[in-house]
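[1] below is the structure, and that's it, no one-letter string:
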């Protein structure tokens, strides 16, 4: 595990234990066993985090936790109560320094559970800690941007991807219960995803490869959102446009919560069931139309993402000549992720290169030809996650497309059920791809290979 990954892992634990300690202290007396256990866990992880550093600084910016300049989207969404406790008490930054005592940690936890009125009466969070003689924990009000500037923000791709999974699950649950959708959390995920996409699109493509899920899963929503953002960046969309596009893609299928669960995962439907299924875009529009701002665009995308470029598809929209640009983007990536993902009742997923051929065949009819060509070039002839056989008879997994040669991507050879050496086929002309292999036929779990830690 890399130092950054290890640090983020410990940080996630610290934030969770800090929130748990505060929650227990607010419910039980100080000598209760749960309070003591929560305190002990918190002290242990703080000691671990400060063993090789003088201090650790957490920041809150745009409703998101940062560790120094590393954005923590997954940790933010899993620790919402802690985030709110800090924000309510005017804490935008807190630094825990080496030498902090158990008593000072207790005082900080006490700060998080005191009433806002009491904190204000003491002169603010910093003044409250001063009255408790705290020297090694420093708090400050929110900043206008993360320390060091936005250009230096780092995001762990796995954290961004899992944040999307959390958000999509929450949105689906809210829609099922007919509650207003909380798009504030969606923006936490989208901010992180945009940062990752702009920095290194290949990392997220690897995470998306060969996930197995059914139609009620949140993985499809996250994958479609990420792929849409990738196209958006290729089109040169600005940040606010990318946010609106990513949000629209994330909720494009929200209307399926209005369908019977048993209808979603069957490969074959009766004409009556198919008609019922094909109403999910209308349900999506009805769910999303109450949203403000970019939510209105999301409602349009929810309605139009199965309307084809030539006007066919569903639902029939006679007043429209062309679906919205975002709808045309989502149409392409929705089809790709659906075709390449294993779903209950739908048999094997289509190999990525065959899904690309399907999209290529539909340009100008089903799919916008410009958007489709951008997607085909972006993904390459052999998309990330494809299992291929080389001229050397070795099996390899595509880990990155080539910017110059769509048929000569960067691959990593599979040896002894692990990923071995990397070959850039655009640079090494002594190797070439002879054929594409179905992972099921080769008994290889590509998703597991791509998730292996680097050697």
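    Cool, the structure landed. Just so it is clear, the model here is predicted, and its values are computed rather than measured.

[2] residue 95 belongs to a strand?
    Yes: counting by DSSP: H, G, I helix; E, B strand; the rest coil, residue 95 is found in a strand.

[3] how about the contacts made by residue 14?
    Neighbouring residues of residue 14 by CB atoms under 8 Å, 6 or more residues apart in numbering: 42, 45-46, 49, 56. For every residue, glycine as well, the C-beta is placed using N, CA and C.

[4] restricted to strands, list those residues.
    Those of the contacts of residue 14 mapping onto strands are residue 56, per DSSP state E.

[5] so residue 315 is in contact with residue 302, correct?
    No: Residue 315 lies out of contact with residue 302 (CB atoms under 8 Å); the separation is 11.1 Å.

[6] who touches both of the two?
    By CB under 8 Å, 6+ apart, residue 315 and residue 302 have these common neighbours: residue 281.

[7] those two: who's more crowded?
    Shown here are residue 315 and residue 302; by other CB atoms under 10 Å, residue 302 has more neighbours (28 against 14).

[8] and for that one, nearest residue in space, chain neighbours not counted?
    residue 284 (3.0 Å; CB to CB, 6 or more residues apart in numbering).

[9] ok, how many other residues are close to the one you found?
    27.

[10] contacting residues for it?
    251-256, 299, 302-303.

[11] which other residues reach stretch 304-324?
    252, 278-279, 281-282, 297, 300-301, 303, 327-328, 330-331, 334, 364-369.

[12] out of those residues, which are buried?
    252, 281, 297, 300-301, 303, 327-328, 330-331, 334, 366-368 (16 or more other CB atoms under 10 Å).

[13] pick the one among those residues closest to residue 208.
    Taking CB to CB as the measure, residue 334 is the one of the buried ones among the contacts of stretch 304-324 closest to residue 208, at 13.3 Å.

[14] sorry, back to before: of the contacts of residue 14 - the most surrounded one?
    Top of the contacts of residue 14 by neighbour count (other CB under 10 Å): residue 42, with 24 neighbours.

[15] so for it, what pLDDT did the model give?
    Here, the pLDDT recorded for residue 42 equals 92.

[16] ditto for residue 402
    85.

[17] what's near enough to touch residue 269?
    By CB under 8 Å, 6+ apart, the contact set of residue 269 is 263, 277.

[18] can you tell me how far it is from residue 275?
    9 Å (CB to CB, to the nearest Å).

[19] neighbours of the closest residue to residue 169 other than its chain neighbours, how many?
    Leaving out its chain neighbours, the residue that sits closest to residue 169 by CB to CB, 6+ apart is residue 218, at 4.7 Å. For residue 218, the neighbour count with other CB under 10 Å is 19.

[20] contacting residues around residue 218?
    Contacts for residue 218 (CB under 8 Å, 6+ apart) come out as 164-165, 168-169, 172.

[21] try it again with 6 Å
    The contact partners of residue 218, by CB atoms under 6 Å, 6 or more residues apart in numbering, come to 165, 168-169.

[22] and residue 348, helix, strand or coil?
    Under three-state DSSP, residue 348 comes out as coil.

[23] for it, which non-adjacent residue is closest in space?
    residue 440 (6.0 Å).

[24] over to residue 391?
    residue 432 (4.9 Å).

[25] buried stuff in the one helix or strand residue 357 maps to?
    Secondary structure from DSSP states H and E places residue 357 in helix 352-361. Within helix 352-361, the residues that count as buried by 16+ other CB under 10 Å are 352-353, 355-356, 359.

[26] continuing past that helix, what's the next helix or strand?
    Heading C-terminal from helix 352-361 (DSSP H and E), you reach helix 369-379.

[27] name the residues that touch that following helix?
    Contacts of helix 369-379 (CB under 6 Å, 6+ apart): 231, 234, 328-329, 332, 356, 359, 363.

[28] and the angle for that helix with helix 352-361?
    For helix 369-379 against helix 352-361, the angle by axes from the mean of the first three to the mean of the last three CA atoms, to 10 degrees is 160 degrees.

[29] can you list the strands that the helix or strand following helix 369-379 pairs with?
    Counting by DSSP H and E, the element after helix 369-379 in chain order, helix or strand, is strand 387-390. Taking DSSP bridges as the criterion, strand 387-390 sits next to strand 395-400 (antiparallel), strand 433-436 (antiparallel) in its sheet.

[30] before we move on, what SS does residue 51 have?
    Going by three-state DSSP: residue 51 is coil.

[31] if I look at it, how far off is residue 20?
    In this structure, residue 51 and residue 20 are 22 Å apart, going by CB to CB.

[32] okay, those two: which has more neighbours?
    Neighbour totals were compared for residue 51 and residue 20, and residue 20 leads with 19 against 9 (other CB under 10 Å).

[33] for the more buried one, give me its contacts.
    residue 38.

[34] for it, helix, strand, or coil?
    Under three-state DSSP, residue 20 comes out as helix.

[35] and it, what pLDDT?
    pLDDT, residue 20: 93.

[36] same thing with residue 147?
    Reported pLDDT for residue 147: 56.

[37] residue 134 contacts residue 107, doesn't it?
    Yes: under the criterion of CB atoms under 6 Å, residue 134 makes contact with residue 107 at 5.0 Å.

[38] between these two, which has more neighbouring residues?
    More neighbours surround residue 134 than the other of residue 134 and residue 107, with 21 against 17 (other CB under 10 Å).

[39] could I get the pLDDT score of that one?
    For residue 134, the model assigns a pLDDT of 95.

[40] sorry, back to before: which one of the strands paired with strand 387-390 lies closest to residue 196?
    strand 395-400 (14.8 Å).

[41] and whichever helix or strand comes after the closest one, what's buried?
    Using DSSP H and E, the helix or strand that directly follows strand 395-400 along the chain is strand 410-415. For strand 410-415, a neighbour-count test (16+ other CB under 10 Å) marks 410-414 as buried.

[42] what lines up beside strand 410-415 in the sheet?
    Using DSSP bridges, the strands paired with strand 410-415 in its sheet are strand 395-400 (antiparallel), strand 418-424 (antiparallel).

[43] now the last one, how far from the centre of its chain.
    Between the centre of strand 418-424 and the centre of its host chain there is 26 Å, according to CA atoms, centre = their mean, to the nearest Å.

[44] kindly report the same for the shortest one.
    Relative to the chain's own centre, strand 395-400 is displaced by 23 Å; criterion: CA atoms, centre = their mean.

[45] what domains does the record give for the protein?
    3-146, 155-379, 387-450 (automatic domain parsing).

[46] if you compare the ones you listed, which one is most tucked away?
    domain 155-379 (a mean of 19; mean count of other CB atoms under 10 Å).

[47] ok, residue 153 - contacts?
    With CB under 6 Å, 6+ apart, residue 153 has these contacts: 69, 71, 195.

[48] adding pLDDT and distance to residue 142, write those residues out as JSON lines.
    Listed next are the contacts of residue 153 as JSON lines, based on pLDDT from 0 to 100; distance: CB to CB, whole Å:
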{"residue": "69", "pLDDT": "81", "distance to residue 142": "16"}
{"residue": "71", "pLDDT": "90", "distance to residue 142": "15"}
{"residue": "195", "pLDDT": "92", "distance to residue 142": "20"}
